[in-house]
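K.L.:
only geometry, no sequence info:
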């Protein structure tokens with residue numbers, strides 16, 4: 001999963017999905033969310049500080065331990081604040097991705113049962129030529 005070949009494969013798929021080249025460096029973080037764990041609605045974009053431009057999130061679960069909740073919720077700007085635009089269930093072997101920006105609001109919904117495991121792959125798009 002972390003071999004040079006696997007990382008190159010992931011980077012190539014992200015480049016194809018977003019139609020732009022990415023830097024070779026990839027940051028990987030592992031997360032574990034248990035019952036009641038969640039995040040607030042937020043964006044990871046920080047002008048002048050954000051190094052990474054895109055994320056790929058892969059979900060893992062013990063097949064014998066059904067996960068409830070823990071969905072990744074993506075938001076768009078509404079007239080009175082963020083409005084849910086998409087929701088991805090934290091399903092074993094599923095991946096979802098997003099691009100960082102000032103309005104890339106997202107949230108991990110509360111886990112209601114089981115454990116939600118994820119690997120978060122952070123990429124940096126190269127500046128257009």
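P.N.:
Received the coordinates, thanks. What you see is a predicted model; the values in this text were computed from it and never measured.
K.L.:
Which residues are in contact with residue 65?
P.N.:
By C-beta atoms under 8 Å, 6 or more residues apart in numbering, the contact list for residue 65 reads 114, 115. All C-beta spots, glycine's among them, are computed from the backbone N, C-alpha and C.
K.L.:
how far away is it from residue 89?
P.N.:
15 Å (C-beta to C-beta, to the nearest Å).
K.L.:
go on, residue 111?
P.N.:
12 Å.
K.L.:
repeat for residue 51
P.N.:
Separation of residue 51 from residue 89 (C-beta to C-beta) stands at 29 Å.
K.L.:
So which of the two has more stuff around it?
P.N.:
Ranked by neighbour count (other C-beta atoms under 10 Å), residue 51 and residue 89 place residue 89 first, with 15 against 11.
K.L.:
I'd say that one and residue 71 touch.
P.N.:
Yes. Taking contacts as C-beta atoms under 8 Å, residue 89 lies within contact range of residue 71: 5.4 Å.
K.L.:
Contacts only, for the residue nearest the centre of the chain.
P.N.:
Residue closest to the mean C-alpha point of the chain, counted by C-alpha atoms, centre = their mean, is residue 57 at 3.8 Å. With contact set as C-beta under 8 Å, 6+ apart, residue 57 has these partners: 72, 95, 96, 97, 118, 119, 120, 121.
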